[in-house]
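Participant: my questions are about this predicted structure, shown below with the sequence.
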Amino acid sequence: MADIKNVFDISGRAMAAQLVRLNTIASNLANAGNLASTPDEAYRSLKPVFETKYADEVRKNGVATAQAVDIVESNRLPEKLYMPDHPSAGKDGFVYSAAVNIEEEYVEMMEASRQYQNNVEVITTLRTLMMRTISMGK
Amino acid sequence: MKSIGEHLSFHASALQLRSRRNDILASNIANAATPKFKARDLDYEKQIRQVEGSGPLKATDSKHFKIAVKNPHQTLFYRQPINPSLDGNTVELSVEQLEFSENSVRYQTSLEFLNKRIAGLMSAIKGE
């Protein structure tokens, strides 16, 4: 990864991380309610893993950004439903619904979009300040 | 040349510090969702008093800043969270947003002071 030099690196990469988070939420919501024949086939919600990336190894200057280093499946278990008429039901008549909690995903979606907006705001403000600094003395 | 430098240096140092602090606050906001991240900040008052005092001006009041010429070297402190969170993250968005907006306003103030000083010098040079 390239160095973290200025606010465009800090907030830009954090926005990328939040976008990964929003993408996983979109996948989870798209798959909510899907039914599968076995627990292994059932969809499990995806969660990004965020990590702090410091600009320097000794962490002295306090400049850091966030990065989504991994995406893991949550350990929530699929719900077992008795639906013998369902085409994908097994011999015993059970289907397994996707392990996605819609409310949880909605809350996370709101939080992710708020934090994305905050980063946009930071970039906008600092860009304005930079432009004013460039035209100093005119 | 030296005196022009000194004429501008205090606000230049202030601008540098404000810009550094903006970067640190931006880092805090960027890491609002990272577990175990500890928010940090720069004590502006303390830092600016470290860089002041080497110029020609004498202050008549402890609240006045003397002129600065040295480069600031900053040490950071960790923010004490008002409401600690379960994941060990100490970023509180309301606090960070407030500090960030205050800091950017103060940056603009320092910039304005610099602009006025430069304008003053320019009018002195032109003799208008």
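Facilitator: Perfect, thanks for sending it. Numbers count the residues shown, from 1 in each chain, chains lettered A, B, ... in the order given.

Participant: for chain B, what spans make up the helices?
Facilitator: B:2-30, B:44-51, B:93-126 (DSSP state H).

Participant: the ones you listed into CSV, with extra columns for distance to A:E121?
Facilitator: Any C-beta I mention is one placed from the backbone N, CA and C, and that applies to glycine too. Shown next, in CSV, are the helices of chain B (distance: least, CB to CB, whole Å):
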stretch, distance to A:E121
helix B:2-30, 8
helix B:44-51, 21
helix B:93-126, 8
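
Participant: for those, give me TSV that also has mean neighbour count, distance to A:N6 and mean pLDDT.
Facilitator: Converted to TSV, these look like this (neighbours: other CB atoms under 10 Å in any protein chain shown; distance: least, CB to CB, whole Å; pLDDT from 0 to 100):
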stretch	mean neighbour count	distance to A:N6	mean pLDDT
helix B:2-30	21	7	87
helix B:44-51	16	20	73
helix B:93-126	15	15	93
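
Participant: would you format those helices as a markdown table with distance to chain A included?
Facilitator: As requested, those are exported to a markdown table (distance: least, CB to the nearest CB, whole Å):
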| stretch | distance to chain A |
| --- | --- |
| helix B:2-30 | 3 |
| helix B:44-51 | 13 |
| helix B:93-126 | 4 |
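
Participant: so which of the ones you listed comes closest to A:E104?
Facilitator: Among those, the nearest to A:E104 by CB to CB is helix B:93-126 (19.9 Å).

Participant: for the closest one, packing partners?
Facilitator: Here helix B:93-126 touches helix A:102-134, helix B:2-30, going by 3 or more CB pairs under 8 Å, 6 or more residues apart in numbering or on different chains; DSSP states H and E.

Participant: mind checking pLDDT for residue 63?
Facilitator: The chain I'm using is chain A. Looking at A:V63, its pLDDT reads 88.

Participant: nope, chain B please
Facilitator: pLDDT recorded at B:K63 is 72.
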